[in-house]
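Enquirer: okay, predicted coordinates and the sequence, questions at the end:
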Amino acid sequence: MVTARVLAVVLLGCVVSWGDITTQQVAFSGTPGFSQNLLFNQYNGGGVLTAIEITMFLQSSGGSIAFDNDGSAAATGSATFGTNGDLSSGDVVLPAPPVTTSTTNSTGPVSLSGNDGDLVGQFDVGGPDYALFSGATVSDTATGFVSAVDFAAYTGAGTYTVTANVNGYNLIVGLGGVGSTFLSPDPGSGYVEIRYHDNVPEPSAALLALLGLSGLMLRRRRS
Ligand SMILES: [Ca+2]
Ligand SMILES: [Ca+2]
């Protein structure tokens, strides 16, 4: 009776499929303000796709923002700067909401004295009316899932292109009338990773287990 139950469980195993994940990772790099085409293989695993997961990893290092106050009054404020990353494709429909990444450096409070006598309208380095902030190495990761209605373009024996778009940004709060220069960080390294989750029936493994159990039962009957 017990062996019959075990046999039923193993038989069930023949029809239950095994989940599998296939991962592809393609790197990008460049100076912000770039779009880089990344080539991926379509899903050709012979199973049933259950999910398509798209991840963007963006890392930037360095960059800087500098201020020179040309006004006579002292000025205060703050700034953030870094890189923004997003994905686009003419071949496949990407996840919604979109997969976007953003690296952030923050200056914290910026306090500048009034113009210290340098030329107004000309960015001048140095003095108490000047400040420079350098960026660190910062990163961000975002993941999204493709809608099941859009799986068809991801399936087949060919390839498709996903474009990584990376741009520098800076956001200054306060510091009205203060001149600034911004140097975009180097994104350094980044990648887009696409993971296919599928269900692949594995009858051979279940069959082997079944055969082994049958052999065991036969041996027990003989003894
Ligand atoms: Ca000045
Ligand atoms: Ca100055």
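Expert: Received it, and whenever you're ready, just let me know what you need. Ligands and ions are numbered 1, 2, ... in the order given.

Enquirer: when you work out contacts or count neighbours from here on, use the C-alpha atoms and nothing else.
Expert: OK.

Enquirer: how much space between residue 108 and residue 89?
Expert: According to Cα to Cα, to the nearest Å, residue 108 and residue 89 sit 37 Å apart.

Enquirer: kindly report the same for residue 144.
Expert: Distance of residue 144 to residue 89, given as Cα to Cα: 15 Å.

Enquirer: quick one: which of those two has more around it?
Expert: Each of residue 144 and residue 89 has its neighbours counted (other Cα atoms under 10 Å); residue 144 has more, 18 against 14.

Enquirer: domain map for this protein?
Expert: Following automatic domain parsing, one gets these domains for the chain: 1-17+201-223, 19-199.

Enquirer: tell me which of those sits most buried.
Expert: With neighbours defined as mean count of other Cα atoms under 10 Å, the domains of the chain peak in mean count at domain 19-199, which reaches a mean of 18.

Enquirer: how long is that one from one end to the other?
Expert: End to end - Cα to Cα - domain 19-199 spans 5 Å.

Enquirer: hmm, that domain touching ligand 2?
Expert: Yes: Domain 19-199 lies within reach of ligand 2 by Cα under 5 Å from the ion, at 126-127.

Enquirer: about what we covered before: same list, the domains of the chain, but as a markdown table with mean pLDDT please.
Expert: A markdown table is the format used below for these (pLDDT from 0 to 100):
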| stretch | mean pLDDT |
| --- | --- |
| domain 1-17+201-223 | 52 |
| domain 19-199 | 96 |
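
Enquirer: okay, those in a markdown table with distance to ligand 1 next?
Expert: Compiled in a markdown table, these are given as follows (distance: least, Cα to the ion, whole Å):
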| stretch | distance to ligand 1 |
| --- | --- |
| domain 1-17+201-223 | 70 |
| domain 19-199 | 4 |
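
Enquirer: which strands and helices sit next to the host helix or strand of residue 22?
Expert: Per DSSP states H and E, residue 22 falls inside strand 18-28. Taking 3 or more Cα pairs under 8 Å, 6 or more residues apart in numbering; DSSP states H and E as contact, the helices and strands that strand 18-28 lies on are strand 34-41, strand 186-200.

Enquirer: what do you get if the cut-off is 6 Å, keeping everything else the same?
Expert: Packing partners of strand 18-28 (3 or more Cα pairs under 6 Å, 6 or more residues apart in numbering; DSSP states H and E): strand 186-200.

Enquirer: how near is residue 152 to ligand 2?
Expert: Computed as Cα to the ion, to the nearest Å, the residue 152 to ligand 2 distance reads 60 Å.

Enquirer: phi and psi next, for that residue.
Expert: Main-chain torsions, residue 152, degrees, to the nearest 10: phi -50, psi -40.

Enquirer: run through the residues that contact it.
Expert: Not one residue lies near residue 152 by Cα atoms under 6 Å, 6 or more residues apart in numbering.

Enquirer: same deal with residue 153?
Expert: residue 92.
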